[in-house]
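just the structure for this:
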Amino acid sequence: MIQIGEFFINFIMGFGVVSVSLLTAGLVLVLVEIFRRSKGAFGITGAVLTAAGISVRMLNGGTAAVLLLMLLLCAALILFAHLLSLRFQKRQWLYQSLNLLLRGASEKKDDYAFLTGLNGVAATDISNSGSMVINDVTFFVTSERFIQRGSTVRVASVDGERILVEPNGRE
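Numbering: from 1, shown residues only. Just a heads-up that it's a prediction; the model follows:
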């Protein structure tokens, strides 16, 4: 039992200002990348700083057990942040979807008339029928002419549950 206590005392005492600063800055940048996607800039910089912090700590008398413990702690923190990020992203998608649906429900309960005039993206090729996405919500739609997948489309009219779309005139 005394050996475990000594291990953790040596683990903590081996950290200097430089290694703590590098580890903290690196992990903060990795967390920023997880929550605010920046095409990897913050994540790569954070990973390099974290590796530098671990290297500096190891130069201050680290063992394989210290290295393993630091790697496990960093991995656990990053995994926890990633899972938290997924939860928030799911919640944000749900709020957007509910907002769109509730806005429509308050205007008219029987059909999709509230979609008229809204823009979205064709999720499939629309020849006679297909699907489009508005605010992360997929709708089955019809069109009088061919619309290629990925094109911006506008809801022209709604008749009951039939949603008629047309290519957005700005393309």
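
just give me the neighbour total for the closest residue in space to residue 43 that isn't next to it in sequence.
Nearest residue to residue 43 in three dimensions, chain neighbours excluded: residue 33, at 3.4 Å (CB to CB, 6 or more residues apart in numbering). (C-beta placed from N, C-alpha, C; glycine too.) By the criterion of other CB atoms under 10 Å, residue 33 has 22 neighbours.

determine the three-state secondary structure at residue 33.
Secondary structure state of residue 33, per DSSP: H, G, I helix; E, B strand; the rest coil, is helix.

pLDDT score for it?
Looking at residue 33, its pLDDT is 83.

cool, and residue 142?
So, for residue 142, pLDDT stands at 92.

ok, residue 112 next?
Looking at residue 112, the pLDDT reads 77.

tell me the contacts of it?
Counting by CB atoms under 8 Å, 6 or more residues apart in numbering, residue 112 touches 104, 139, 158, 161, 163.

if we can go back for a sec, how much space separates the residue nearest to residue 43 from residue 84?
14 Å (CB to CB, to the nearest Å).

ranges for the strands of the protein?
Assigned by DSSP state E, the chain shows strands spanning 119-122, 129-134, 137-143, 152-159, 162-167.

and this structure, what are its domains?
The record assigns the chain these domain ranges, following automatic domain parsing: 2-104, 113-167.

can the strands of the chain go into JSON lines with extra columns for distance to residue 41 and mean neighbour count?
JSON lines is the format used below for the strands of the chain (distance: least, CB to CB, whole Å; neighbours: other CB atoms under 10 Å):
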{"stretch": "strand 119-122", "distance to residue 41": "27", "mean neighbour count": "18"}
{"stretch": "strand 129-134", "distance to residue 41": "28", "mean neighbour count": "18"}
{"stretch": "strand 137-143", "distance to residue 41": "31", "mean neighbour count": "17"}
{"stretch": "strand 152-159", "distance to residue 41": "29", "mean neighbour count": "17"}
{"stretch": "strand 162-167", "distance to residue 41": "36", "mean neighbour count": "18"}
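
what would these look like in CSV with distance to residue 43?
Formatted as CSV, the strands of the chain follow (distance: least, CB to CB, whole Å):
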stretch, distance to residue 43
strand 119-122, 28
strand 129-134, 28
strand 137-143, 30
strand 152-159, 31
strand 162-167, 38
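
looking at these, spot the one closest to residue 71.
Proximity to residue 71 (CB to CB) singles out strand 129-134 among those, at 40.4 Å.

residue ranges with poor pLDDT in this structure?
Scanning the chain for pLDDT under 70 picks out 1-2, 5, 7-13, 88-111, 169-171.
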